[in-house]
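[1] sequence and predicted structure, then a few things I'm wondering about:
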Number of protein chains: 2
Amino acid sequence: MALEHAILVSLSEKPSTGYDLARRFDASIGYFWTATHQQIYRVLAAMEGSGWVTSTLVPQPGRPDKKVYEPTAAGRAELAEWLGRPAEPERPRSDLAVKIRGVSDGDPAEVRREVARHRRLHAERLDVYLASEKRDFPPPAALEGRRLHQWLVLQGGIARERSMLGWCDLVLAALDSGSSGQRPDEGGVRA
Amino acid sequence: MALEHAILVSLSEKPSTGYDLARRFDASIGYFWTATHQQIYRVLAAMEGSGWVTSTLVPQPGRPDKKVYEPTAAGRAELAEWLGRPAEPERPRSDLAVKIRGVSDGDPAEVRREVARHRRLHAERLDVYLASEKRDFPPPAALEGRRLHQWLVLQGGIARERSMLGWCDLVLAALDSGSSGQRPDEGGVRA
DNA sequence: TTCCGCATGTAACCAGTTACATGATTAC
DNA sequence: GTAATCATGTAACTGGTTACATGCGGAA
């Protein structure tokens, strides 16, 4: 499982609470791995049990206490070992592709609308990534170490969104030219 | 869940046994949705329970009997309804990205080797897709109906693999130029 | 005789999702 | 007063993976 290891990477960048981790899994780390706070608290507890992390209770005035986690030596060793361990690429899984393959089994206009909606979502995500690149990183030539590695995974996200965008455009064009007289309306669709 | 619906799409293209479906989920459908035979038999049974498919036992000389499934009217209705139902894009999840973000926590050479290995796997998959495009499809202008839709999802797979390939190359280049004197050896690596 | 293809399944487990639950402080 | 932010969790469920199990026919 990669979640444990994603948490270890994140904690080795900076010791944090489960809450902090959850927020980072909604942002930067979430660009390539997602997890809810429930999942994070659960595996954090399990990881503490297996000795990969330790926690320190930090009382805060007028705020609930927080449990700050950091990796132990054993945790670091496990992470290092995992990094070298070969793993298979994820198995592709795309609801949208199933729907596209099934256009003939339903209302093509509805599927088209769904593709347009996804196109919009991917465009938005791409904007977020590009904004983060601009905001958080200097020109790539100047990058090294952890910053470089963070930038590299961001590039992976950017590439993925660009490719999804291009694919959605291809599908929309094909669905339009194929079927009757329905004209595109990407602009203001509000599924 | 999309597996039920992927099965419905596949059965509406052609009534099949669980075994047939499992093979198709290893090939064409597997380009965008994967499932093992265990999973397929399980949901097929459940779908028969909810009346989305019916099965006919077909005895075969000198072969085990086979159960040929096909969608019922209710199954077709459910599929049509699902096709128009909005669904969120998959949450990104990439082990490889976690490892890249973690290079500083392990042996960079090992992570590099893993990236090179993934590059090779994606190149192989791309070749499979391109071969299928060449073998199974006429020039796209001549396509329509189900064949067009199949071609469109294939294009999605091709785009995805190309984008992964480009990303792997970027990462490999960055890891090489950053670190000491290790020269690339993509060609013959055998992780 | 050994392996591969056809054909169907069960059982146990693991990971991820959704819903529920609590409670203080600060900003509007 | 109402909502958002900080902070931590439990419980039930769903979907996917891995391992195990069976048995025939044909090819090497």
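    Sure, I can see it. Numbering: from 1, shown residues only, chains lettered A, B, ... in the order given.
[2] can the biggest helix by length in chain A be found next to chain B?
    Across chain A, the longest stretch assigned as helix under DSSP state H is helix A:145-178. Yes: using CB under 8 Å from any CB of the partner chain, helix A:145-178 reaches chain B at A:145-146, A:148-150, A:152-153, A:155-157, A:159-160, A:162-164, A:166-167, A:170-171, A:174, A:178. No exception for glycine: its C-beta is placed from N, CA and C like everyone else's.
[3] buried subset of those residues?
    Those of the residues of helix A:145-178 next to chain B that meet the buried threshold are A:146, A:148-150, A:152-153, A:155-157, A:159-160, A:162-164, A:166-167, A:170-171, A:174, by 16 or more other CB atoms under 10 Å in any protein chain shown.
[4] which of the residues you listed come close to DNA strand C?
    With the criterion set as CB under 7 Å from any atom of the strand, no member of those is near DNA strand C.
[5] and the helix or strand of chain A with the lowest mean pLDDT, is it in reach of DNA strand D?
    In chain A, no helix or strand scores lower on mean pLDDT, DSSP states H and E than strand A:63-71, which sits at a mean of 92. Yes: looking at strand A:63-71 against DNA strand D by CB under 7 Å from any atom of the strand, the contacts come from A:63-67.
[6] so for the closest residue to residue A:87 other than its chain neighbours, what's the pLDDT?
    Residue nearest to residue A:87 in three dimensions, not counting chain neighbours: residue B:95, with 4.8 Å by CB to CB, 6 or more residues apart in numbering or on different chains. pLDDT recorded at residue B:95 is 97.
[7] which residues touch residue B:95?
    A:2, A:87, A:89-90 (CB atoms under 8 Å, 6 or more residues apart in numbering or on different chains).
[8] that one and residue B:101, how far apart?
    Residue B:95 sits 11 Å away from residue B:101 when distances are taken as CB to CB, to the nearest Å.
[9] what's the end-to-end length of stretch A:17-34?
    End-to-end span of stretch A:17-34 (CA to CA, to the nearest Å): 17 Å.
[10] ok, stretch A:79-89 next?
    End residues of stretch A:79-89 are separated by 19 Å (CA to CA).
[11] what's in contact with that stretch?
    Residues contacting stretch A:79-89 (CB under 8 Å, 6+ apart): A:2, A:5, A:8-9, A:12, A:71, B:95-96, B:99, B:102-103, B:105-107, B:110-111, B:113-114, B:117-118, B:121-122, B:164, B:191.
[12] with stretch A:143-153 instead?
    A:13, A:28, A:31-32, A:133, A:137, A:140, B:97, B:100-104, B:170-171, B:174, B:178.
[13] tell me the buried residues within those residues.
    Here, 16+ other CB under 10 Å leaves A:13, A:28, A:31-32, B:97, B:100-103, B:170-171, B:174 buried among the contacts of stretch A:143-153.
[14] now, which of those residues sits nearest DNA strand D?
    Ranked by distance to DNA strand D (CB to the nearest atom of the strand), the buried ones among the contacts of stretch A:143-153 are led by residue A:28 at 15.4 Å.
[15] contacting residues for that closest one?
    A:132, A:150 are the contacts of residue A:28 under CB under 8 Å, 6+ apart.
[16] average pLDDT for stretch A:117-126?
    97.
[17] that stretch and chain B, any residue contact?
    Yes: residues of stretch A:117-126 are located near chain B by CB under 8 Å from any CB, namely A:117-118, A:121-122.
[18] for that stretch, buried residues please.
    A:117-120, A:122, A:125-126.
[19] is residue A:8 in contact with residue A:75, as I believe?
    Yes: between residue A:8 and residue A:75 there is a contact at 5.6 Å, judged by CB atoms under 8 Å.
[20] who's more crowded, those two?
    Applying other CB atoms under 10 Å in any protein chain shown to residue A:8 and residue A:75 shows that residue A:8 carries more neighbours, namely 27 against 24.
[21] show me the shaky parts of chain A.
    A:178-191 (pLDDT under 70).
[22] contact residues of it facing DNA strand C?
    Checking chain A against DNA strand C by CB under 7 Å from any atom of the strand, the hits are A:1-3, A:34-36, A:38-39, A:62-64.
[23] all helices of chain A, in order?
    So, for chain A - with DSSP H - the helices run A:2-13, A:18-24, A:37-49, A:73-84, A:95-101, A:108-136, A:145-178.
[24] reformat these as JSON lines; add distance to DNA strand D.
    Converted to JSON lines, those look like this (distance: least, CB to the nearest atom of the strand, whole Å):
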{"stretch": "helix A:2-13", "distance to DNA strand D": "13"}
{"stretch": "helix A:18-24", "distance to DNA strand D": "3"}
{"stretch": "helix A:37-49", "distance to DNA strand D": "4"}
{"stretch": "helix A:73-84", "distance to DNA strand D": "15"}
{"stretch": "helix A:95-101", "distance to DNA strand D": "10"}
{"stretch": "helix A:108-136", "distance to DNA strand D": "17"}
{"stretch": "helix A:145-178", "distance to DNA strand D": "20"}
